[in-house]
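> got a structure for you, letters missing:
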């Protein structure tokens, strides 16, 4: 008989691991999980991270990052997919 594929980790666990991984890699704790979707071999987690604090805070620069978490719960990759000002209202965010 063939091996059964390992079960995918839960969405909550994937989000928590993505937060910890991005914090470790950038030295900044993400502010919010803004997206979470299943991927072929795990999860794709989208996070928002404060990159530059300014006064007033509506001009803060935030980065939108995607972290791929494998089915085994290990981070596979991360990348910044966009930057924007906190006060920016846009129909198509990064």
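Arrived safely, thanks for sending. Remember, predicted model here, so these are calculated numbers, not experimental data.

> Residue 30 should be in a helix, yeah?
No - per DSSP: H, G, I helix; E, B strand; the rest coil, residue 30 lies outside any helix segment and is coil.

> Let me know whether it touches residue 23 as I believe.
Yes - Residue 30 is in contact with residue 23 according to C-beta atoms under 8 Å; the separation is 6.9 Å. Where C-beta positions appear, they are placed from N, C-alpha and C, glycine not excepted.

> okay, the two: which has more neighbours?
residue 30 (24 against 14; other C-beta atoms under 10 Å).

> just for this protein, where's the confidence low?
Within the chain, the stretches with pLDDT under 70 are 1-6, 91-94.

> where exactly do the strands run in it?
32-39, 42-52, 61-70, 75-85 (DSSP state E).

> Put together a markdown table for these, with distance to residue 14 and mean neighbour count on each row.
Formatted as a markdown table, the strands of the chain follow (distance: least, C-beta to C-beta, whole Å; neighbours: other C-beta atoms under 10 Å):
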| stretch | distance to residue 14 | mean neighbour count |
| --- | --- | --- |
| strand 32-39 | 7 | 14 |
| strand 42-52 | 4 | 20 |
| strand 61-70 | 4 | 21 |
| strand 75-85 | 10 | 14 |
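
> Format those strands as JSON lines; extra columns: distance to residue 15.
Formatted as JSON lines, the strands of the chain follow (distance: least, C-beta to C-beta, whole Å):
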{"stretch": "strand 32-39", "distance to residue 15": "5"}
{"stretch": "strand 42-52", "distance to residue 15": "6"}
{"stretch": "strand 61-70", "distance to residue 15": "8"}
{"stretch": "strand 75-85", "distance to residue 15": "12"}
